[in-house]
Structure formats: structure tokens, C-alpha cells
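Undergrad: Here is my input; please provide its structure:
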Amino acid sequence: EARLQELLQQIEAKQASVKIVAQKPEELQALSSAGKQAVDVLAFNEEETRNRLIDSMLTEAGWDSNPDWTKADVVREKEVPYQPTPTGIGFADYELKDDSDKPLAVIEAKRTAVDPNIGRKQAQLYAEGLEKKYGQRPVIFYTNGFELWIWDDAQNYPPRQIQGFYSKDSLQYLVLQRKTKVPLDTLAPKPDIVDRLYQVEAIKRVCERFGNGYRKALLVQATGTGKTRVAIALTDLLIRAGWVKRVLFLCDRKELRKQAKNVFNDFISEPLTIVRAGTAKDRSKRIYLSTYPAMMKVFETFDVGFFDLIIADESHRSIYNRYHDLFVYFDCLQIGLTATPVNFIARNTYRLFDSEDRHPTAYYSLERAVEEEYLVPYEVYTHTTNFLRSGIKYLQLSEEQRRQLEEEGEDPETFDYEAVEVDR
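TA: Have a look, this model is predicted:
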């Protein structure tokens, strides 16, 4: 879909930059070629879709790039028994295999102009045939080269659209989960991490939601009531239950990342890393801590199934507006955390975490926290800062401030704001 969109944008740019009455022959030829390329993509048959689109998608996910697909990882035109054909034999477009020759996944390909969902039933028949032969049910994929769907029916999930194929390692863990997962209602959060009733209740509600087949949740808790502890207790419980191996914790500032690191180290002994330029290629850890801007720079270097859980701290309006791609790209359980009162949370944030407006998965308000004496009533103090008095100007920033802006994905040289602009 991205490739097709790029081609269409090229056509529109050509049309906008050249007046019809003044077009030169070479410009007309270039415009015609771009248009023909877009049309040709839509006209791919199944074989061309496999050769020119799906093979590339598999290679990007780390699968064998041998043009003949002769190695054990990927088999094209896989013979499948127990099919509703006169001979009882069918041929799956692709089989992805593990090291013991058992099927990890089956892929049904359709030509680009066809809805890939047409191949869902056929893919299911191939999965059933491979399961009968090998004793292991493969994960189901079906695609037309632009839209890609995954169907993990062995874990009772409905089909869902994803942004790329799982790597071999991620698929192996997905299949392993079928044997290792235990029901979440059979475990309880550790009392040394959370011991307050509302914290335990929030964890219970998330577990109930995940146990019912949902993959996203939104927790709203007033500042100071232990959102990070709830997140870590949930992480610990999901790891013990076999639901999660690799976790990504996102926050919007380095100070929050440091706090989260300290609490994770206090209660979870899993290998941990902070995502930055020097660690962006590290794939050996279990807990990954990152600011949103840092992750935006490297997220496409991970396969879509690498993380099993994303916890998004400070899930307010900017999450959807600036970092929406992170939550679309990774196919995993996702939990949003915010202290913003339910009436002020943007609708986009509710939708991002599959929640109804003003109905998060769990909510613990400031008023209730004060009433139950976990917090005290706030007092308002009037205060100002140098930025509010004088504005923000590049020449007045310290080296440390410039470096901090660069690490957060901003260009310090563009900062030239008067005081009235800062205070808007």
C-alpha cells in the first residue's frame, strides 16, 4: 500500500508542476511512465505479486532471501494433504518452517487487485492440513502484496491487519505461547510491587480484558498514585503467565525513563536496555526503555512481532498526533497510561487503545485518591520561569539544552520564540 501510494503521489506532483499547454515530450513520457507503473502494480497476477511484493516483504522480516527459496526456512508451492480436491492434495503459496521442519506459518497470496480476505478460508484449509501432517498448527497469513492479515486462530484471536511479516524468532515464540501461556486469572500481582486495592483492581481489569481476546487497554490514574508500579506489576504478571517475553516501555522525557529504569530494576530481574543510538541494534534484552522520539527513529528496524507488550506512559493527545505509527506498526498487546482526567482525554487516545469515550479500562481519579487519603488536596502557587519571561531563543540555550533537544528529535536552531508565543 505504501509503494502504491508513493507512485500515486509522484503522478500528482507531476501534474501539479507542469501546465498542460506547455508540457514537453519528455515530461509527457515521464508522466505516462509513472502512471503506467501504478496501473501495472494493480494488474499483477498472483505469481507477480509473490515474486515482486511478497518475497520482498519476507526478506525485510529476515527470512531467507535466496531467489529459489531452496533453504529450509521458506517453501514455495508447499504440497499440503487433506485438502477438498479430487486428489486430496493442495499447494500453499508459502510455508514458513522452524528448525525441526514443522510449519510456523502458511501464507495465501492473492493478486494485487483482489481483496486478500478472499484467501482466508483457503489459508485455513491449508493450516488444517499441515496441522494433521505435522502435529503443529501454523499461524495463518493472507495478503495481496499491499494488505497483510494475520490469523492466530490457535489462540482464539480474530484476524487482524498488520504492517509486515513476523521474523522467524518472533513466530517461534508466538507458536510456543500456545503451550506456555496460563490463564491470567490464575495469577495475582506481587504484593511487594503493588499493595493498594485500586492498583490491584486496575491490574485485574486489564487481565480480564486481555483474557477476553482484546489486545489494548487504557489506564487512567491521578499523578502520584503509582502508575509506573502498576505497569511493572502487570509486566511481571504477564511474564510469569507466559504471555510476554519482550516489553517496550515508552515515555516522553528522559527523567521519566530514568525513573522507570530504577523501578524496573527494583522488581524485575529481566535483562534491560535503554534505546539510544548505541543500543538500537540490541535484540538480546527483554525490557526496552525508550523516549518516543528515540523510538520513532529506529522502530522500523524491528520486525512487527518483536515486542509482546508496549506500555505507553503519558498517553495524551500528542501520542496519537505524533507517535501513532508506533502503535500501528507493532503487533502486540498495548497498554496506555495517563493521569489526564477522563473528561479531558482526546477521543483519538480512546480509539488508539480501543476504548469507548470516557470509559477507560480502569480509572482512579484525583478526587477519589484524596478521599481515600492516598493524596492530599493541592494548593495553587503562582510561579514563572525565564522562558515565560524572555521566550526561547537558540542563541540563549546552553549546550546541555541544545543537546537535550537534539536527543528528543528537535532541531534547536529552529527555536526562536517570543514570550507571548511560549505562553499561548
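Undergrad: Would you mind giving both backbone torsions of Asp236?
TA: Dihedral pair for Asp236: phi -60, psi -40, per degrees, to the nearest 10.
Undergrad: how near is it to Thr180?
TA: 16 Å (C-beta to C-beta, to the nearest Å). To be clear about C-beta, it is placed using only N, CA and C from the backbone, and glycine gets the same treatment.
Undergrad: so who does the closest residue to Leu234 other than its chain neighbours touch?
TA: Spatial nearest neighbour of Leu234, excluding adjacent residues (C-beta to C-beta, 6 or more residues apart in numbering): Ile203 at 5.5 Å. Each residue near Ile203 by C-beta atoms under 8 Å, 6 or more residues apart in numbering is listed here: Pro189, Val194, Val230, Ala233, Leu234, Leu237.
Undergrad: how many other residues sit next to the first one?
TA: Applying other C-beta atoms under 10 Å, we find 22 residues neighbouring Pro189.
Undergrad: three-state assignment of Lys78?
TA: Per DSSP: H, G, I helix; E, B strand; the rest coil, the local secondary structure of Lys78 is strand.
Undergrad: so it makes contact with Ala92?
TA: Yes: the criterion here is C-beta atoms under 8 Å, and Lys78 meets it with Ala92 at 4.4 Å.
Undergrad: thinking again about what came up before, would the residue nearest to Leu234 count as being in a strand?
TA: No: using three-state DSSP, the assignment for Ile203 is helix, not a strand.
Undergrad: mind putting the contacts of Ile203 in JSON lines, pLDDT included?
TA: Putting these into JSON lines (pLDDT from 0 to 100) gives the following:
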{"residue": "Pro189", "pLDDT": "98"}
{"residue": "Val194", "pLDDT": "97"}
{"residue": "Val230", "pLDDT": "97"}
{"residue": "Ala233", "pLDDT": "98"}
{"residue": "Leu234", "pLDDT": "98"}
{"residue": "Leu237", "pLDDT": "98"}
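Undergrad: Can you tell me the element the residue lying closest to Phe141 once chain neighbours are set aside falls in?
TA: Using C-beta to C-beta, 6+ apart and skipping the chain neighbours, the partner closest in space to Phe141 is Ile107 (4.5 Å). If you go by DSSP states H and E, Ile107 is part of strand 103-109.
Undergrad: Same check on Leu125?
TA: Element membership of Leu125 [criterion: DSSP H and E] is helix 120-134.
Undergrad: surely Glu421 meets Ser390?
TA: No: between Glu421 and Ser390 there is no contact under C-beta under 8 Å: 11.6 Å.
Undergrad: Could you report the neighbour count for Glu379?
TA: 5.
Undergrad: How is it assigned, secondary-structure-wise?
TA: Under three-state DSSP, the three-state class of Glu379 is coil.
Undergrad: confidence score at it?
TA: If you check Glu379, the pLDDT there is 87.
Undergrad: Could you pull out the buried residues of stretch 91-107?
TA: Neighbour-count burial for stretch 91-107, counted by 16 or more other C-beta atoms under 10 Å, picks out 92-98, 102-107.
Undergrad: now Val304, what's its secondary structure?
TA: Secondary structure of Val304, per three-state DSSP, is coil.
Undergrad: so where's the stretch 51-200 of the chain uncertain?
TA: When residues are selected by pLDDT under 70, those of the stretch 51-200 of the chain lie in 65-72.
Undergrad: Which stretches in it count as strands?
TA: With DSSP state E, counting those that start in this stretch, the ranges of strands along the stretch 51-200 of the chain come out as 74-80, 90-97, 103-109, 139-143, 148-151, 160-162.
Undergrad: just to revisit the earlier point, of Asp236 and Thr180, which one has the most company?
TA: For Asp236 versus Thr180, neighbours defined as other C-beta under 10 Å are more numerous around Asp236 (22 against 11).
Undergrad: OK, contacts around the more buried one?
TA: Applying C-beta under 8 Å, 6+ apart, one finds that Asp236 lies in contact with Pro189, Lys190, Ile193, Phe267, Ile268.
Undergrad: what do you get for Pro183?
TA: Gly211, Ala241.
Undergrad: likewise Lys168?
TA: With contacts defined as C-beta under 8 Å, 6+ apart, the neighbours of Lys168 are Gly62, Trp63, Asp73, Leu96, Asp98, Leu104.
Undergrad: Tabulate those (CSV), appending distance to Thr382.
TA: CSV is the format used below for these (distance: C-beta to C-beta, whole Å):
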residue, distance to Thr382
Gly62, 56
Trp63, 60
Asp73, 65
Leu96, 62
Asp98, 64
Leu104, 61
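Undergrad: Farthest pair within these?
TA: Greatest spacing in the contacts of Lys168, by C-beta to C-beta: Gly62 and Asp98 (13.9 Å).
Undergrad: hang on, Val182 packs against Leu237?
TA: No: assessed by C-beta under 8 Å, Val182 is found out of contact with Leu237, at 10.6 Å.
Undergrad: Look at these two and report which has more neighbours.
TA: Using other C-beta under 10 Å, the more surrounded residue of Val182 and Leu237 is Leu237, with 21 against 11.
Undergrad: after the helix or strand containing the more buried one comes which helix or strand?
TA: According to DSSP H and E, Leu237 maps onto helix 227-240. Remark: after helix 227-240, the chain's next helix or strand is strand 247-251, criterion DSSP H and E.
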